[in-house]
Each structure stands twice: as C-alpha cells, then as structure tokens.
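>>> A structural model of the following input is requested.
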Amino acid sequence: MNTNWFLALAIFYINYIFIITGQEFDFIIVGVGSAGSIMAARLSEPDKNWSVLALDRGSPRNSVQNDTWNEDLSGVHDPNYFSVAQDYLLGRLVRNPRYYGIGGTAMINGMTAVAPSRYLLDQLWPFGWK
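All right, here's what the predicted structure looks like:
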C-alpha cells in the first residue's frame, strides 16, 4: 500500500471525526511507532493543555501474542517490503520486515544487540557514564 493512500485515509478519518464529534486537535500524529508514540505522549502530558490525535493503520498488539523472534513475520501487520535487487547477492531481493500497529517495527523483537565500539564510548559519552 503506498503512503499517499494512507495519508488520504488518515485525512478522511480526521475529517470524519471532526464532522461527527465536533472535536478539534492541536496536533495530529500519523504513525504511532517508536517516535510517534513518544511524541504523542510528550505532547499530551498533564502540564500541557494540548489535544493530540494519534493515528496508526494497524492495531494494538495482542497481549498474549508470543514473541516473534523465531516466527514467520508475514501476516496482517506486515506490509511485505523487499529491497531492490542486490548486485552482490546475484540479483536477489532482501526482505525488510516491518510491523503495522501501535509500536511500529519496534514490536519485532529480533533478539539482537550491537555493542558500541570503544571509540564511540570514549569519544561520545561523558566521562562519568563509563
């Protein structure tokens, strides 16, 4: 599904809410992934008098759903994205798993961790944090 279609749907949905309920929003956040959910939470903190509408085309994750690190990631929440043909992989495509829903692609727990290099730790972190 392309992004233009989704934005058109989001605009239709916003107009629908406005027409039916008469509500207006100070901020409208489209996409409630890692960044969008934090932005919505920060904008709607109690000390601010802003109204926030957060839209996502997916649904919340089922609380009893198993972790997905060893499962097939395709399904209703996956847009099934692939890379362009890769020259160094003999023209094969690389699958890029994504997740439509609240939390976005961060909902995919790949059970991976990448430690920063010693250089990054020495150059970028304050001395007292090491």
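
>>> How confident was the prediction at T68?
Looking at T68, its pLDDT stands at 53.

>>> try N15
For N15, the model assigns a pLDDT of 53.

>>> same check, this time on L7
pLDDT, L7: 49.

>>> How about A10?
We have a pLDDT of 52 for A10.

>>> Strands of the chain, start to end?
For the chain, applying DSSP state E gives strands covering 27-30, 52-55, 81-82, 95-96.

>>> Most tightly packed of these?
strand 52-55 (a mean of 18; mean count of other Cβ atoms under 10 Å). Every residue, glycine included, has its C-beta placed from N, CA and C.

>>> Return the list of strands paired to that strand, each annotated with direction.
Looking at strand 52-55 with DSSP bridges, its partner strands are strand 27-30 (parallel).

>>> okay, the partner strand in CSV with CA atoms only?
In CSV, the C-alpha atoms belonging to strand 27-30 read as follows (Å, rounded to 0.1, in the frame of the first residue of the first chain):
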residue,chain,number,x,y,z
PHE,A,27,-1.5,18.1,17.0
ILE,A,28,-2.2,15.1,14.7
ILE,A,29,0.4,12.4,14.7
VAL,A,30,0.3,9.9,11.8
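
>>> can you give me phi and psi for the nearest residue to D56 once chain neighbours are set aside?
In this structure, D56 finds its nearest non-sequential neighbour in V32, 4.1 Å apart by Cβ to Cβ, 6 or more residues apart in numbering. The phi/psi pair for V32 (degrees, to the nearest 10) reads phi -110, psi 60.

>>> can you give me the helices in the protein?
With DSSP state H as the criterion, the chain has helices at 3-21, 34-43, 118-124.

>>> Any stretches of the protein with poor pLDDT?
Along the chain, the parts satisfying pLDDT under 70 run over 1-21, 58-79, 108-112, 129-130.

>>> switch to 80 and redo it
Residue ranges of the chain with pLDDT under 80: 1-23, 57-81, 96-116, 118, 120-123, 125-130.

>>> List the residues that contact Y88.
With contact taken as Cβ atoms under 8 Å, 6 or more residues apart in numbering, Y88 is in contact with no other residue.

>>> let me redo that: V32
By Cβ under 8 Å, 6+ apart, the contact set of V32 is A40, A54, L55, D56, I102, G103, G104.
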